[in-house]
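# Task: produce atomic coordinates for the following.
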Amino acid sequence: MTSPENVLNVTAHDTDVVAQLIDALGDRVSTEPAALERARTDKSGHIAAGTPLAIVTALTVADVQRTMRIASRTGTPVVTRGAGTGLAGGAIADSGEIVLSTMAMDAILEISTDDELAVVEPGIINADLNAELAKQGLWFAPDPASRAISTVGGNIATNAGGLLCAKYGVTREAVSGLSVVLVDGSLLELGHRTVKGVTGLDLTALFIGSEGTLGVIVGATLRLRRLPTGERVTIGAYFPSVESAARAAAVISSSGLRPAIMELVDHQAMAGIAEYLAIESRAGSSYLLIQFDGSGAGVDADAAGAIVRSLGGDLELTTDTAEAERLFAVRRAFHPAMETRGTVLIEDVCVPRSALPAMFQAISDIEVRFGVTIPTVAHAGDGNLHPNFVFESDPEAENGVPDVIWAAADELFLAALRLGGTLTGEHGVGLLKRRWLGHELGGPQLELQRQIKGVFDPQGLLNPGKVF
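Numbers count the residues shown, from 1 in each chain. Predicted coordinates for the structure are as follows:
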């Protein structure tokens, strides 16, 4: 812990706030420069212009309440932060702000096999929770790519998705209740433990995906599933073009088949992954990875395989777990492979599944028009694409991102909207997509959402500058 007198470049107000935090929370308050520096950024690569006042590492709900009461009383902004794995700048802290970390609140409070639910604190890591649940034959279905390092609280704050959400749903479908501390320090218990419940407005759903702008999530009641049983059948298929692979994915979805996983990797992404993993790959080919599980998996896989072949795909099919893992390792290597090629801006748009071929064509057109490289993977089962802009960082540009990249991104977002899509499928709005929010929501809805935020946060202290 650093005393408030050792904090550089702060006002008397800031020094007083830090002193109050230390008085109330003791060694749970840090102003160590290295810790403050880490809180200025996340996995998006965006870096805040300034440095936050202090980091409060909450151990209990009471710690969160004390922090929020001090913040509310002194008019000090608060940025709630978990593992910092976000990709939209949603938990980045700037000058004059308190960072409220819930990482240390990581307990599993209850697991009920009878009711298929768990009650957890927000700092529990997604993969750690599932490791414990598996011992009882249970499973928390949301599976973002960051599941090994991201917190459940962060998953809830962004309504995270993942590879399995086309069949098993996103985070909103797996949360039935929340404990939330409001900006004034009061505690709300939202939702229920029952399978059904329609008493009053669904404030639980409102907080899921709110990106820390309405309150601080301090606990969650999660809906669980029994671990899938039966056969798993995995298909890996090469296609001569990304459009043909996208068309196959769209036809599989429209045929009524429901894969547990359906991932598409375009030809540029495949080339980078092959180089990164030092494996052979078919030049110029795109890759479609499909997995069926549960009853009827074999029959469904055969039907999907027939569609793949009819549209020019060359496939391999396996029921072997180790072989399936080898195929999935290709998909998981995408982000680290891209990072070896330059600076990466990871984007996240979603379109109706039938529009996947058109969206990939739009991405190809944007690459040509702007002279940029956009390797792309997609959760093809739900139409969620992750175009990655790979470029050489420009030290003269804001956060090193050249203007041409933002211009290309602007066109990409508008293309997704024209196809009936959305700006973000699972990463959230954060800082990086605020400027486009009005294009999707329209003026009246955007103003209504701002009014709703004002009800919960009249001083505008919660995660200021994000989303709204």
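# Give the residue spans of this protein that score low on pLDDT.
By pLDDT under 70, the low-scoring segments of the chain are 1-10.
# Could you rerun that using 50?
Within the chain, the ranges that satisfy pLDDT under 50 run 1-8.
# which residues touch residue 372?
For residue 372, the contacting residues are 366, 389, 391, 404, 405, 408, taking Cβ atoms under 8 Å, 6 or more residues apart in numbering as the criterion. The way it works is simple: take the backbone N, C-alpha and C, and place the C-beta from them, glycine included.
# now swap in residue 29 and tell me
By Cβ under 8 Å, 6+ apart, the contact set of residue 29 is 1, 18, 21, 22, 54, 55, 56, 57.
# Likewise for residue 155?
Applying Cβ under 8 Å, 6+ apart, we find residue 155 in contact with 126, 142, 144, 171.
# could I get the residues you listed as a markdown table with secondary structure, distance to residue 444 and neighbour count?
What follows is the contacts of residue 155, written out as a markdown table (DSSP: H, G, I helix; E, B strand; the rest coil; distance: Cβ to Cβ, whole Å; neighbours: other Cβ atoms under 10 Å):
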| residue | secondary structure | distance to residue 444 | neighbour count |
| --- | --- | --- | --- |
| 126 | helix | 36 | 24 |
| 142 | coil | 32 | 27 |
| 144 | coil | 32 | 24 |
| 171 | helix | 28 | 28 |
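# Could you export these as TSV, including distance to residue 422?
TSV is the format used below for these (distance: Cβ to Cβ, whole Å):
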residue	distance to residue 422
126	23
142	18
144	17
171	16
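# Tell me how far the closest residue to residue 408 other than its chain neighbours lies from residue 347.
Take residue 408 and drop its neighbours on the chain: the residue closest to it by Cβ to Cβ, 6 or more residues apart in numbering is residue 370, 4.1 Å away. Distance, residue 370 to residue 347, by Cβ to Cβ, to the nearest Å: 14 Å.
# hang on, residue 463 packs against residue 215?
No: contact status for residue 463 versus residue 215: not in contact, 10.2 Å apart, counting by Cβ atoms under 8 Å.
# Only the buried residues of stretch 379-395, if you could.
Of all the residues in stretch 379-395, those buried under the rule 16 or more other Cβ atoms under 10 Å are 379-391.
# quick one: terminal-to-terminal distance for it?
Using Cα to Cα, to the nearest Å, one end of stretch 379-395 lies 33 Å from the other.
# how far out from the middle of the chain is it?
Relative to its parent chain, stretch 379-395 has a centroid offset of 13 Å by Cα atoms, centre = their mean, to the nearest Å.
# Equivalent analysis for stretch 51-63, please.
Centre-to-centre, stretch 51-63 and its host chain are 23 Å apart (Cα atoms, centre = their mean).
# Just the terminal-to-terminal distance for it.
22 Å.
# Give me the residues contacting it.
Counting contacts by Cβ under 8 Å, 6+ apart, the residues outside stretch 51-63 that touch it are 7, 9-10, 14, 17-18, 21, 25, 28-31, 33, 35-37, 39-40, 64, 67, 76, 79, 93-105, 179, 181, 187, 218-219.
# PyMOL command to pick out the buried ones of those?
Applying 16+ other Cβ under 10 Å to the contacts of stretch 51-63 leaves a buried subset, and the PyMOL line that selects it is:
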select buried, resi 7+10+14+17+18+21+25+28+29+30+31+35+36+39+40+64+67+76+79+93+94+95+96+97+98+99+100+101+102+103+105+179+181+187+218+219
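# Please list the members of the contacts of stretch 51-63 that lie in helices.
When DSSP state H is applied, these are split such that 14, 17, 18, 21, 25, 33, 35, 36, 37, 64, 67 fall in helices.
# Can you tell me which of the residues you listed lies closest to residue 263?
Minimum distance to residue 263 across the ones in helices among the contacts of stretch 51-63 is 34.9 Å, recorded for residue 37 (Cβ to Cβ).
# ok, that closest one to residue 30 distance?
Taking Cβ to Cβ, one finds residue 37 at 12 Å from residue 30.
# What of residue 311?
Taking Cβ to Cβ as the measure, residue 311 and residue 30 are separated by 56 Å.
# Likewise for residue 222?
From residue 222 over to residue 30 the distance is 30 Å, taken as Cβ to Cβ.
# For the stretch 201-350 of the chain, which segments count as strands?
Read by DSSP state E, counting those that start in this stretch, the stretch 201-350 of the chain holds these strands, from start to end of the chain: 216-223, 225-226, 232-239, 261-265, 286-293, 314-318, 343-346, 349-350.
# nearest to residue 200, of those?
strand 216-223 (16.5 Å).
# contacting residues around that closest one?
Applying Cβ under 8 Å, 6+ apart, the set of residues contacting strand 216-223 is 58, 61, 64, 68, 78, 80, 100, 102, 105, 109, 116-122, 140, 152-153, 156-157, 173-182, 187, 191-193, 207, 462.
# Need the phi and psi values for residue 192.
The phi and psi torsions at residue 192 (degrees, to the nearest 10) take the values phi -160, psi 170.
# likewise the one 10 residues further on?
With angles defined as degrees, to the nearest 10, residue 202 shows backbone torsions of phi -90, psi 80.
# Going forward, count from 309.
Happy to do that; since the first residue is 309 now, the last one works out to residue 510.
# list the contacts for it?
Applying Cβ under 8 Å, 6+ apart, no residues contact residue 510.
# try it again with 10 Å
Contacts for residue 510 were tallied using Cβ atoms under 10 Å, 6 or more residues apart in numbering; they are 480, 498, 499, 516.
# Surely the last one touches residue 460?
No: here residue 516 does not reach residue 460: they are 11.5 Å apart, not a contact under Cβ atoms under 10 Å.
# residues shared between the contacts of those two?
468, 479, 482, 483, 525, 528.
# Just flag the most distant two among those residues.
The widest separation within those (Cβ to Cβ) is 14.1 Å, between 482 and 525.
# Looking at the two, which is more packed in?
Neighbours were counted for residue 482 and for residue 525 using other Cβ atoms under 10 Å; residue 525 has more, 29 against 23.
# The closest residue to residue 473 other than its chain neighbours and residue 474: what is the separation?
Excluding the flanking residues, the one nearest residue 473 by Cβ to Cβ, 6+ apart is residue 690, at 6.1 Å. Residue 690 sits 4 Å away from residue 474, going by Cβ to Cβ.
# Quick check: neighbours shared by the two?
Among the neighbours of residue 690, those also in contact with residue 474 (Cβ under 10 Å, 6+ apart) are 561, 570, 661.
# any chance of these in CSV, with neighbour count too?
CSV is the format used below for the shared contacts of residue 690 and residue 474 (neighbours: other Cβ atoms under 10 Å):
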residue, neighbour count
561, 21
570, 27
661, 21
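# now, which of those sits nearest residue 603?
residue 570 (18.5 Å).
# right, and the closest one touches residue 685 too?
No: counting by Cβ under 10 Å, residue 570 does not reach residue 685; the two are 11.6 Å apart.
# which neighbours do those two share?
By Cβ under 10 Å, 6+ apart, residue 570 and residue 685 have these common neighbours: residue 597.
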